[in-house]
Each structure stands twice: as C-alpha cells, then as structure tokens.
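> pasting the sequence and the predicted model now:
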Amino acid sequence: MQEIVDAEAVLGGAPAPKMSLSKACDVFIEKCAAEELTGKSANQIKAYKKVKHRAVNNFIKVVGDKYIDTITVEDAVRFHDWWQDRITGKSSEKKLSGNSGNRDIGNLRRIYREVFARLGERKRPNPFDGLSFQDPKRLRETPPPFPVTWIRDKLLAAESYGAVSGKFRALNPQAMIIFLTCIETGCRPSELCNLEPGRIHLDYKIPHIVVDFDDNREIKTESSTRRIPLVGIAHEAMKRAPDGFPKYRDKENAFSAAMLKHLRRRGLLPSVRHVVYSLIHSFEDRMKATHVDPEMRRLFMGHAINRPEYGEGGDLKLRLELLKRIELPYDNGLLSLF
C-alpha cells in the first residue's frame, strides 16, 4: 500500500515521496516515457522496458532497492566500481563491454532525473552524473562491410542457401528473401521484416518498396521514411513475398539470429566481426564507389540530411538509375530456392 501512495505522490498527490528505485522505474516507464513509447510495437516496448529494468535490477543487486531520495554519490560510485570489475574481467560474472556499463548508468541517470523533474526538482543533483566508461573496443566492434567479391561469389550463390545432404538444412525462404533484398536496397533488416503488404509495390512501372511509419510500430527516425526501387535479386526475391514476412513481423531479432547462425555454419562470413548488418555498410561502400553523391546516399539509407528539405530528393526514376549502377549479378539457381 505504501508503494501505491509513493507512486501517487510523483503523479501529483502527496508531497515528498518515499519511493523505492524499483517503483521509480515503473513510474518512469508509465508516465515519463509514455509519449516516447507511443507508436512502438509490443516487442519494441518490451525491449525498451527490459533495458531499464536490467539497469535497476543490477543496481539493486549491488546497492539495494533504496528510496530514490536516499541514493548517494557513494552508492552510484559503488555501482560504477561493480561495472568496472565486470569490464576489466576482475568480476566472477560474465565480462561485458564499457558500452554495456554506460547503458546501465545512463538509464539510471535518466530515471533519477526525470522522476524528480516530475516533482518540480529539475535542478536536483544527480548522483549518476559524470560516471561513465571509455570503451576502446567500441570502434573495433563496428561491423565491417562485406567485400563486393564476397557478396557476388558467395552470398549470391545458390549453393550457399540450399540443403546439403546429411549436413545442412536449407535456409527458410522468408529469411533468405529478407537477406537477399538487403543486398540491393540497403534496408535495415528490421525495416524489411516489418514491411506491410500495402508498402510493397510490385505492379508499378518502377517496382519499389516504401519504408514508412506504421500505426503499430515505430521506425528508427523520421528520416528513415523512403521509397526504394527494386533491382536485381531484390526484385526477384520480393516477387516471392508480395505480402511481406509474417514469420518475422516484429521479430527482427529472430531473423538476425537465424540468419547469423546460417552464415556461420556455412562459412559465409569473411571474419568473426562480420554480421548481417555488414550488408548495409557494403551497400554504402558500393554507392561511394560509383560516385553516388552523399545526399542521395543518405536518402537511400534513411540517414538524416543536415539542411532544410526542398523536395523529395529525386524521383523513383533517378533512384532506379543510381541503384542500377551498383546492381550485382546473381546465380539464377537462387530463384528455385524460394
């Protein structure tokens, strides 16, 4: 009952709440982040809550579920030290990156700041301020692009996806189509996994897909909305998926896991650092190599343009011409696999 009274205090009832950090996290998600969660899918909301709760649960494990107004700088430093041991391998727990520690501390900093802001205490000193980790591995962890020759000779070869008697099962068709479409569109896997049928335009003079906001799901940024012509294997693959990908709708992590497992088992990754997303970096490199100008590259990839927009950035015909420059030949045997 006391926790309920405490929560009501944050929402404008009784003054000076005595609220545990775990309850503050619930209030943050319900009230402070309500607008931010609008438009996200059920899985996106689940993932959002997961990282907030993980940070809070880690803090509780180290310091305890203290009332938020009693959390001190010493408590925050103790938590920082706990993460330092995990990052440097001194802890008995699984070693993690500095980036993981920064996420936890950043989430706690935000929960603390925004819950107190609702109380009118916007200038309250935040015990988590100034605490972070350098992460020298972060740049090295950026996935490298696939070499064009690797895409052409391996990723666009039918033998890379079909069954191998007594050794490998064939990759499921929906995963294969998503992956192959990424090669020639530069779309993020999540964008293709969640394509609705009404945004797949195969019967137009220039077949294309539309990446846009959806009532039930948020995309990365407003600049991510775009029209992308279908060329090469992407066009052929999408002909086989006019209704999108129900197996992976709102389940892009399942797609990435299945695809990465397949690529590893078949020896289709040039290095341990390559991942599915490496295709996106390759797509940009291929555009650079054919002198597609920087603004058009950003439009294709859904990146922000740092100037006022004056028009749509080229019609579909121009976009088609630019994508034709980087279109790759593919093994016709692929078409029999999906």
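Looks like it came in fine.
> the chain: strands as residue ranges?
Assigned by DSSP state E, the chain shows strands spanning 200-201, 208-211, 226-229.
> now for the first one, which elements pack on it?
Helices and strands touching strand 200-201, by 3 or more C-beta pairs under 8 Å, 6 or more residues apart in numbering; DSSP states H and E, are strand 208-211. All C-beta atoms are positioned from the backbone trio N, CA, C, and that covers glycine.
> dump the strands of the chain into CSV; add mean neighbour count, mean pLDDT and distance to Glu121 as well.
Below are the strands of the chain laid out as CSV (neighbours: other C-beta atoms under 10 Å; pLDDT from 0 to 100; distance: least, C-beta to C-beta, whole Å):
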stretch, mean neighbour count, mean pLDDT, distance to Glu121
strand 200-201, 18, 96, 50
strand 208-211, 20, 93, 41
strand 226-229, 23, 92, 42
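> with distance to Lys251 added, can I get the ones you listed in a markdown table?
Listed next are those as a markdown table, based on distance: least, C-beta to C-beta, whole Å:
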| stretch | distance to Lys251 |
| --- | --- |
| strand 200-201 | 18 |
| strand 208-211 | 18 |
| strand 226-229 | 22 |
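> closest to Asn57 out of the ones you listed?
strand 208-211 (35.0 Å; C-beta to C-beta).
> dump that closest one to CSV, restricted to CA.
Listed next in CSV are the C-alpha coordinates belonging to strand 208-211 (Å, rounded to 0.1, in the frame of the first residue of the first chain):
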residue,chain,number,x,y,z
HIS,A,208,9.6,-0.4,-55.3
ILE,A,209,9.1,-0.7,-51.5
VAL,A,210,8.1,2.1,-49.1
VAL,A,211,9.7,2.3,-45.7
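> partner strands of that strand, with direction?
strand 200-201 (antiparallel), strand 226-229 (antiparallel) (DSSP bridges).
> how about the contacts made by Leu180?
Leu180 sits next to Leu156, Ile233, Ala234, Ala237, Tyr330, Leu334 when contact means C-beta atoms under 8 Å, 6 or more residues apart in numbering.
> between the residues you listed, which is nearest Glu35?
Closest to Glu35, out of all of these and judged by C-beta to C-beta, is Ala234, at 35.7 Å.
> give me the nearest residue to that closest one, chain neighbours excluded.
Glu184 (3.7 Å; C-beta to C-beta, 6 or more residues apart in numbering).
> relative to Ala237, how far out is the one you found?
Using C-beta to C-beta, to the nearest Å, Glu184 is found at 9 Å from Ala237.
> ok, His208 next?
According to C-beta to C-beta, His208 and Ala237 sit 14 Å apart.
> got it, and His291?
For His291, the distance to Ala237 - C-beta to C-beta - is 27 Å.
> need the pLDDT of the spatially closest residue to Leu156 that is not a sequence neighbour.
Leaving aside its chain neighbours, Leu156 sits nearest to Tyr330 (4.1 Å; criterion: C-beta to C-beta, 6+ apart). Tyr330 carries a pLDDT value of 94.
> I'd like the numbering to begin with 337 instead of 1 from here.
Noted, 337 is the first residue going forward, which turns the last one into Tyr666.
> look at Tyr666 and say how many residues are nearby.
Number of residues near Tyr666 (other C-beta atoms under 10 Å) recorded here: 22.
> where does Phe469 fall, phi/psi-wise?
phi -130, psi 140 (degrees, to the nearest 10).
> what about the closest residue to it other than its chain neighbours, how many neighbours?
Leaving aside its chain neighbours, Phe469 sits nearest to Gly434 (3.5 Å; criterion: C-beta to C-beta, 6+ apart). The number of residues packed near Gly434 is 19, by other C-beta under 10 Å.
> and Gly434, how far is that from Tyr613?
21 Å.
> what do you get for Met623?
When distance is defined by C-beta to C-beta, Met623 is 16 Å away from Tyr613.
> swap in Trp418?
With C-beta to C-beta as the criterion, Trp418 and Tyr613 are 31 Å apart.
> which one's more surrounded, those two?
Taking neighbours as other C-beta under 10 Å, Trp418 and Tyr613 compare with Trp418 leading, 19 against 16.
> residues contacting the more buried one?
Contact partners of Trp418, counting by C-beta under 8 Å, 6+ apart, are Asn394, Val398, Ser427.
> point out where the stretch 537-674 of the chain drops to low pLDDT.
Applying pLDDT under 70 to the stretch 537-674 of the chain picks out residues 549-560, 639-650.
> let's see it at 90
Scanning the stretch 537-674 of the chain for pLDDT under 90 picks out 547-562, 586-587, 589, 630-631, 634-651, 669-674.
> what segments of it are helices?
568-575, 588-601, 614-625, 630-637, 652-662 (DSSP state H, counting those that start in this stretch).
> test my guess that the residue nearest to Phe469 contacts Leu467.
No - using C-beta atoms under 8 Å, Gly434 is not in contact with Leu467, being 11.7 Å away.
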